[in-house]
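Trainee: build me a structure from this.
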Amino acid sequence: METSFYPQATRELAHKRRELAPEPLKAFQAFSAAVFADGALPTVTKQLIAVAVAHVTQCPYCIKGHTAAALQHGASEPQIMEAIWVAAEMRAGGAYAHSALALDAMQHAHDTRAG
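Mentor: All right, here's what the predicted structure looks like:
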C-alpha cells in the first residue's frame, strides 16, 4: 500500500482554510481568476506555463490541478509533456548558469593561495 507525504486535498481541508482566513482566500481566488483569464495570452497557454512552473516548484497539488486545467482548456498531452521538458531544462540550466559562482569562488581561492 502506497502512502503519500502529502495529504489528499479534501473538502474538509478547503473548508478549514476558508474558516481560518476567509478574506485572504477570497483575495487569492480573485487574483487567480484574473491571472488565468484570457488576455494577451490565452488561458490554455497560461495553464501550460503553470504546469511547467509547478514542476519547478515541485508542488504536487499544483501539478495535478494545472495539468487538469490545461487539459480542460484544450491542451494536448504532448503539449503538457513539452511544457514539463521546458521546466526540466530551465531547472537544469539554472544549476549550470550558477556554476559561475562556484568557478568564481574557486578562482578567488586560487588567487588567495597564489598571492
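
Trainee: contacts and neighbour counts: CA atoms only from here.
Mentor: Noted.

Trainee: what about the most centrally placed residue in the chain, which SS state?
Mentor: In the chain, the C-alpha nearest the mean C-alpha coordinate belongs to A54, at 2.2 Å (CA atoms, centre = their mean). With DSSP: H, G, I helix; E, B strand; the rest coil as the basis, A54 sits in helix.

Trainee: M90 versus that one, what's the distance?
Mentor: 13 Å (CA to CA, to the nearest Å).

Trainee: returning to that earlier point: contacts only, for the residue nearest to the centre of the chain.
Mentor: Contacts of A54 were listed using CA atoms under 8 Å, 6 or more residues apart in numbering, and they are P60, C62, I63, H66.

Trainee: for those, name the two members farthest from one another.
Mentor: Between any two of those, the greatest separation by CA to CA is 10.0 Å, found for P60 and H66.

Trainee: neighbour-wise, which of the two wins?
Mentor: In this view P60 and H66 are compared by other CA atoms under 10 Å, and H66 has more residues nearby, 23 against 12.

Trainee: low-confidence ranges, the chain, go.
Mentor: Within the chain, the segments meeting pLDDT under 70 span 1-2.

Trainee: so it: which segments form each domain?
Mentor: Here the domain parsing of the chain from automatic domain parsing is 9-37, 39-114.

Trainee: need the winner for burial among the ones you listed.
Mentor: Stretch with highest mean neighbour count among these: domain 39-114 (a mean of 15; mean count of other CA atoms under 10 Å).

Trainee: surely V56 touches W85?
Mentor: No. Using CA atoms under 8 Å, V56 is not in contact with W85; the gap is 10.5 Å.

Trainee: residues touching I63, list them.
Mentor: Counting by CA under 8 Å, 6+ apart, the residues that I63 touches are V51, A54, H55.

Trainee: SS state for F5?
Mentor: F5 is classified as coil under three-state DSSP.

Trainee: quick one: residues contacting it.
Mentor: Taking CA under 8 Å, 6+ apart as the contact definition, F5 lies against nothing.

Trainee: from M106, how far off is it?
Mentor: In terms of CA to CA, F5 sits 38 Å off from M106.

Trainee: now do E77
Mentor: Taking CA to CA, one finds E77 at 44 Å from M106.
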